[in-house]
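Engineer: Quick one: sequence plus predicted model below, questions after.
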Amino acid sequence: MSERAPAPYGDPLHAPFWEAAARRQLALQRCQRCRTHQFFARPFCLRCDADALEWVPASGHGTIYSLTTVHRQVSPELPVPYVGALVELDEGPRLLTTIVGDAPARIGARVRVAWKERPNAPPLPVFEVVDRVP
Ligand code: ZN
């Protein structure tokens with residue numbers, strides 16, 4: 001049995017993201033020229049085309065931009081129902097993720113990163129609602 005992590009964890013472009021995830025730290029690329037954050041990783045800045053990018057810790061806080069409740073199971077790792085969401089991080093990028101926890105999810109709700117443990121893979125960033133105001 002191979003010790004090598006399966007793709008996409010072996011992709012060198014995304015390796016810093018998964019190395020940070022292993023420490024339960026959400027990380028984003030930031031352009032050293034225009035200071036824009038981006039997710040997912042690319043070899044250049046989407047805003048100014050610079051190739052001087054660095055990995056920086058993200059706050060782990062954001063807002064639900066959009067969401068849906070999924071009732072059809074497509075993966076054994078995702079028992080249904082679950083809430084799939086697009087979370088807009090405070091740094092700007094949007095991240096496709098799932099919402100966990102008991103607090104009701106809604107568009108505009110504040111969320112913070114949590115970590116879903118997985119066998120043979122880095123933990124996956126998921127989010128939990130931190131405000132319960134309707
Ligand atoms: Zn830039």
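Structural biologist: Happy to help now that I have it. This one's a predicted model, so the numbers in the text were calculated from it and none came from an experiment. Numbering: from 1, shown residues only.

Engineer: low-scoring stretches of this protein, by residue?
Structural biologist: 1-9, 132-134 (pLDDT under 70).

Engineer: Could you show which parts of it are in contact with the ion?
Structural biologist: Residues of the chain lying near the ion by CB under 5 Å from the ion: 31, 33, 34, 36, 45, 47, 48, 50. Using the backbone N, CA and C atoms, a C-beta is placed for each residue, glycine as well.

Engineer: can you give me phi and psi for residue 45?
Structural biologist: Note on residue 45: backbone dihedrals following degrees, to the nearest 10 are phi -80, psi 130.

Engineer: Repeat that for residue 27.
Structural biologist: Main-chain dihedrals, residue 27, degrees, to the nearest 10: phi -120, psi 150.

Engineer: buried subset of the residues of the chain next to the ion?
Structural biologist: With burial judged by 16 or more other CB atoms under 10 Å, the buried subset of the residues of the chain next to the ion is 31, 36, 45.

Engineer: Redo the residues of the chain next to the ion as JSON lines? Include secondary structure and distance to residue 110.
Structural biologist: JSON lines is the format used below for the residues of the chain next to the ion (DSSP: H, G, I helix; E, B strand; the rest coil; distance: CB to CB, whole Å):
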{"residue": "31", "secondary structure": "strand", "distance to residue 110": "26"}
{"residue": "33", "secondary structure": "coil", "distance to residue 110": "31"}
{"residue": "34", "secondary structure": "coil", "distance to residue 110": "27"}
{"residue": "36", "secondary structure": "coil", "distance to residue 110": "22"}
{"residue": "45", "secondary structure": "coil", "distance to residue 110": "28"}
{"residue": "47", "secondary structure": "coil", "distance to residue 110": "26"}
{"residue": "48", "secondary structure": "coil", "distance to residue 110": "30"}
{"residue": "50", "secondary structure": "coil", "distance to residue 110": "31"}
